[in-house]
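In: My questions are about this predicted structure, shown below with the sequence.
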Amino acid sequence: MDEKLSFFKDGLRLDGRLPDELRPIKVEVGVLARADGSCYMEMGENKVIAAVYGPREVHPRHLQEVTRAIVRYRYNMASFSVEERKRPGPDRRSYEVSKVSREALEPVILTSYFPRSVVDVFVEVLQADAGTRTAGINAASVALADAGIPMRSLISSCAAGKVDGEIVLDPMKLEDNFGEADVPIAMNPSGEITLLQMDGRLSKEELQRALELAKAGCQQIYEIQRKVLIDRYSHMDDMGSCDEVVAEEEI
Ligand code: ADP
């Protein structure tokens, strides 16, 4: 059988999506009672939950910064989130994902408002199907807003990849495993990129196309994030935190 036929049928992908189509997204805000902000998000078969605590006192204290809050981000994959049981606990990959995810969000957090404190972000992956770092960043961004953390804007994230020579949006696990490239990005609503990674090989034109697709995907995700926050807070008396986020993301 022709290789190409195995990933595309009548122009559609194995799950019936067009090349430039995101997987279905489901978002719920404020799902955890003890966290200051939280968000549950599904992007296709990915299921993640983000919890935000803070701004709060830093422990250990030597990590304190006198002019700003520090941001910590812990990405963790549950051992039952993948087909083969994942060994519990941090590993090289989770350190890397935590670092790049923190760096994707930090630029929009107004850390100078809260010197000597910390904003802790926890992301737990309950089910993984490629794209967990991007799903985690999307959920964390909404959870930060839900916690009322002052931000310049929301951050939205998704990947584009190359499968059977074609550039596709939001590759699922099968496409990621057998694909030729994977380019996750994160950006603010103005299109300023805060995360850009690339696995595999792409020509300059293919990379441009991948960025174009991923940026369009991020815009769609941003609209969903924005709507879910407005829906949650528009009927409440105290709209302080939501006003701030929604107003500032227009900038
Ligand atoms: P992302 O989830 O952000 O796409 P990767 O590209 O590193 O990150 O991983 C792609 C997918 O590979 C994950 O979403 C998951 O489905 C699978 N995967 C990652 N780590 C493991 C692991 N330790 N065991 C089994 N599957 C894994």
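Out: Done, it's in.

In: Beyond the helix or strand harbouring E42, next helix or strand please.
Out: Taking DSSP states H and E as the definition, E42 sits inside strand 37-43. Counting by DSSP H and E, the next helix or strand C-terminal to strand 37-43 is strand 46-57.

In: What residues of that following strand count as buried?
Out: For strand 46-57, the neighbour count (16 or more other Cβ atoms under 10 Å) marks 46-55 as buried. Quick note: C-beta positions are derived from backbone N, CA and C, even for glycine.

In: same deal with stretch 82-99?
Out: Neighbour-count burial for stretch 82-99 flags 86, 94, 97-98 (criterion: 16+ other Cβ under 10 Å).

In: Stretch 212-230 too?
Out: For stretch 212-230, the neighbour count (16+ other Cβ under 10 Å) marks 213-215, 217-218, 220-222, 224-226, 228-229 as buried.

In: ok, which stretches of the stretch 101-250 of the chain are strands?
Out: Applying DSSP state E, counting those that start in this stretch to the stretch 101-250 of the chain gives strands spanning 117-127, 156-163, 166-169, 181-187, 193-196, 199-200.

In: how close does the nearest residue to L196 once chain neighbours are set aside get to L105?
Out: Using Cβ to Cβ, 6 or more residues apart in numbering and skipping the chain neighbours, the partner closest in space to L196 is I185 (5.2 Å). In this view, I185 and L105 are 13 Å apart by Cβ to Cβ, to the nearest Å.

In: Show me the helices in this protein, by range?
Out: 3-7, 92-105, 132-146, 173-178, 204-233, 240-249 (DSSP state H).

In: which helices and strands does the longest one pack with?
Out: What it means is helix 204-233. Using 3 or more Cβ pairs under 8 Å, 6 or more residues apart in numbering; DSSP states H and E, the elements in contact with helix 204-233 are strand 25-29, helix 132-146, strand 156-163, strand 166-169, strand 181-187, helix 240-249.
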